[in-house]
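1. here's a sequence, model it:
(2 chains)
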Amino acid sequence: MNTVIRTENLSKRYGVVYSVQRVNLAVGEGEVYGFLGPNGAGKSTTLKMLLGLVKPSEGSVSVFGKDFSRNRLEILSQTGSLIEAPSYYGHLTGLENMRVMQRLRDVPDKHVEKALQIVRLEKQKNKKVDQYSLGMKQRLGIAMALLHFPKLVILDEPTNGLDPAGIGEIRELIQSLPHEYGMTVLLSSHLLSEIEQVATSIGIIHGGKLLFQGSMEQLQRNSQPHVWMKTQDNEKARRVLQEMELSPSLQDGFLVMEGMGDREVAQTNRALIMAGIDVYRIEEHKKSLESIFLSLTGKEGSL
Amino acid sequence: MRTLWLELYKIRHKRLFLMLTILLSIELAWGFMAVSTSMAKNPDATTWSAILVTITAMNGLFLPTGSAVIVSRICDMEHKGRTWKLLLAASVSRKAVYAAKFVSAAVLIGGAVILQGLVIVAFGIGYGLAEPVPIGLLLRFVAGTTLTNLVVIALQQWISLAIKNQAFSLCLGMIGGFIGMTASLFPPQVGRLFIWSYYVDFSPVTYQYVNETMLFTTREIGVHLPIIVVLMGISFYLVGSIHVSRQDV
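-> Reported below is the predicted structural model:
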């Protein structure tokens, strides 16, 4: 798979504080890449650097295999974006806003109609944008990003302000972009549930640092399941297990152990029975993505 | 040209020219009332020069304020709609947008000043002034006012784009109006530090009181004053454009 976006040690420093530090992103062609992180993690700053809106303090960005700083115009002509809140001219109608973008992107009228149709704004296109709801403004922002049917779409928190039905529609739209229009999507969010449902790859950023990057499956694989055991006498069982060089913790009346395969579980069970301790229950608890995310970003991370 | 077209497209529905026309209509109505009163008292002293002096002095009050409002309205739409990032991500250069905004404001305000000149001619003819229309003086009036306006626009645009809160730029416009109106009371060396005083300084006609009678005389401006003002304008424009282009979005 070709890499559409690649950053090397991308950093942004304001004074002495790094808002983004040594981020190495790799977004493959045709992917929906979920860029996940709590509020203030550095997502928007990273995306702004990818679009040349903020100058990196260190590191480099290449898009479509080309260095961004040397091929800015060419790269931007094939990129659509919606960064932070939607951008619009409130005193103009939705259609007039699209016409502004049409002129900038130099695309035919049919693109305007199609983009409005994709975000279902055809019926409200003649209304002034100041009279739009936040969700409609968000849709207009997405329509503007899609207007020239770019190869790469960068959407920063695109479902902000949308109602549940709107979130569902945008989710479906994002999922359809790679196979219907051949686009690569980089989508940021602080909502794990949103990323989980649409992304094929994921990057987790926290405190300006990229903590994980890979597929959803890799993320789940990286996190070992826990084995929970309930016995007749947990304290005695714990001593037995410690003699086997295991280090179980006690949680809610269970002994909890990490990193055990089937064979280790069977051995542990046998050892406890041999020691005369009845085993009432053995459970495998897989970490949810939410708990993986929290363990990576810390409990204070917003979900 | 694409950016200029876009700028003119973006200011549609804002009724900026109408707003400016109304403001200048109030100014002219006020000015003509003052001239008419003076004419009624002393019909012999009524000349084109009297009209030009009165309107020039009133321009010092109205044009800085009007320019501040127009420029603010043109610039504020980028702040309100957070559109800088939209434009930059569509590979539009900030310097091109800056230039397009300057030209749009200059065309609007310049158009209103030309209209003002035509209304002055209509008023003079309608009032039955004996002298022929002083085309040379009128052209110099329009040129001086327009040149001063261009510099005022450059200054206002810098402030309106660099500072999101438009109260700053509007306050500057009001301060400019006050200075413009009272410019003739300042010593020349002090007055020339402020761009708004050049509405009066560029007037092709001046006056002085002799035995409690107002005497109007035409004057030559020379080349030094316009050169100073052009340099001020270029400085405001370049510093503003560079400053705004370097701001983070």
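
2. helix or strand for the residue in chain B positioned nearest to chain A, which one?
-> Nearest residue of chain B to chain A, counting by CB to the nearest CB: B:Leu86, 3.6 Å away. Every residue, glycine included, has its C-beta placed from N, CA and C. Element membership for B:Leu86 (DSSP states H and E) is helix B:84-89.

3. extract the CA atoms of that helix and return them as CSV.
-> Extracted in CSV, the C-alpha atoms of helix B:84-89 (Å, rounded to 0.1, in the frame of the first residue of the first chain):
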residue,chain,number,x,y,z
TRP,B,84,-8.4,32.1,6.7
LYS,B,85,-7.7,28.4,7.1
LEU,B,86,-10.2,27.6,4.4
LEU,B,87,-8.5,30.0,2.0
LEU,B,88,-4.9,29.0,2.9
ALA,B,89,-5.8,25.3,2.6
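
4. what sits closest to residue 52 if chain neighbours are left out?
-> You didn't pick a chain, so chain A it is. Distances taken as CB to CB, 6 or more residues apart in numbering or on different chains place A:Arg72 nearest to A:Gly52, at 5.5 Å, with adjacent residues excluded.

5. nope, chain B
-> Spatial nearest neighbour of B:Leu52, chain neighbours left out: B:Val205 (4.9 Å); criterion: CB to CB, 6+ apart.

6. do A:Met144 as well
-> Using CB to CB, 6+ apart and skipping the chain neighbours, the partner closest in space to A:Met144 is A:Met101 (4.8 Å).

7. these two touch, right, the one you found and B:Ala89?
-> No - with contact defined as CB atoms under 8 Å, A:Met101 does not reach B:Ala89; the gap is 10.5 Å.

8. is the residue nearest to A:Gly52 in contact with B:Ser91, as I believe?
-> Yes - using CB under 8 Å, A:Arg72 is in contact with B:Ser91, at 6.9 Å.

9. residues making contact with stretch A:264-273?
-> Stretch A:264-273 has contacts (CB atoms under 8 Å, 6 or more residues apart in numbering or on different chains) with A:227, A:229, A:231, A:237, A:240-241, A:244, A:246, A:257, A:260, A:279, A:282.

10. give the buried residues for it.
-> Neighbour counts using 16 or more other CB atoms under 10 Å in any protein chain shown place A:268, A:271-272 of stretch A:264-273 among the buried residues.

11. closest to B:Lys101 out of the residues you listed?
-> Closest approach between the buried residues of stretch A:264-273 and B:Lys101, by CB to CB: A:Thr268, at 73.7 Å.

12. please tell me how far the closest residue to A:His206 other than its chain neighbours sits from A:Asn39.
-> Spatially, and ignoring its direct neighbours in sequence, A:His206 is nearest to A:Thr297 (4.1 Å; CB to CB, 6+ apart). As judged by CB to CB, to the nearest Å, A:Thr297 and A:Asn39 stand 11 Å apart.

13. between the two, who's got more neighbours?
-> Neighbours were tallied for A:Thr297 and for A:Asn39 using other CB atoms under 10 Å in any protein chain shown; the higher tally belongs to A:Thr297 (23 against 10).

14. and that one, what's its pLDDT?
-> The pLDDT attached to A:Thr297 in the predicted structure is 75.

15. same deal with A:Leu303?
-> For A:Leu303, pLDDT reads 44.

16. buried sites along stretch A:283-297?
-> Neighbour-count burial for stretch A:283-297 flags A:287, A:289, A:292-294, A:296-297 (criterion: 16+ other CB under 10 Å).

17. my error: substitute stretch A:180-188 in the last question.
-> Buried positions in stretch A:180-188, judged by neighbour count with 16+ other CB under 10 Å: A:183-188.

18. thinking again about what came up before, the residue of chain B closest to chain A and B:Val97, how far apart?
-> Counting by CB to CB - B:Leu86 and B:Val97 are separated by 11 Å.

19. what of B:Gly81?
-> From B:Gly81 across to B:Val97, the span is 13 Å (CB to CB).

20. which of those two has more neighbours?
-> Between B:Gly81 and B:Val97, counted using other CB under 10 Å, B:Val97 has the larger neighbour count: 25 against 22.

21. wait, isn't the more buried one in contact with B:Lys10?
-> No - in this structure, B:Val97 is not within contact of B:Lys10 by CB under 8 Å, at 9.9 Å.

22. now the strands for the stretch 51-200 of chain A?
-> Ranges of strands in the stretch 51-200 of chain A, per DSSP state E, counting those that start in this stretch, are A:58-63, A:66-67, A:79-82, A:152-156, A:184-189.

23. list the contacts of the first one.
-> Among residues not part of strand A:58-63, those counted as contacts by CB under 8 Å, 6+ apart are A:4-11, A:13, A:22-23, A:49-50, A:67-69, A:71, A:75, A:79, A:152.

24. just the ones of these in helices?
-> Of these, the ones assigned to helices by DSSP state H are A:49-50, A:75.

25. from those residues, which would you call buried?
-> Neighbour counting by 16+ other CB under 10 Å classes A:49-50, A:75 among the ones in helices among the contacts of strand A:58-63 as buried.

26. does anything pack onto the helix holding B:Leu86? Which helices or strands?
-> In terms of contacts (3 or more CB pairs under 8 Å, 6 or more residues apart in numbering or on different chains; DSSP states H and E), helix B:84-89 is packed against strand A:79-82, helix B:94-126.

27. of these, which stretch is the most buried?
-> Ranked by mean neighbour count, the helices and strands packed on helix B:84-89 are led by strand A:79-82 with a mean of 26 (mean count of other CB atoms under 10 Å in any protein chain shown).
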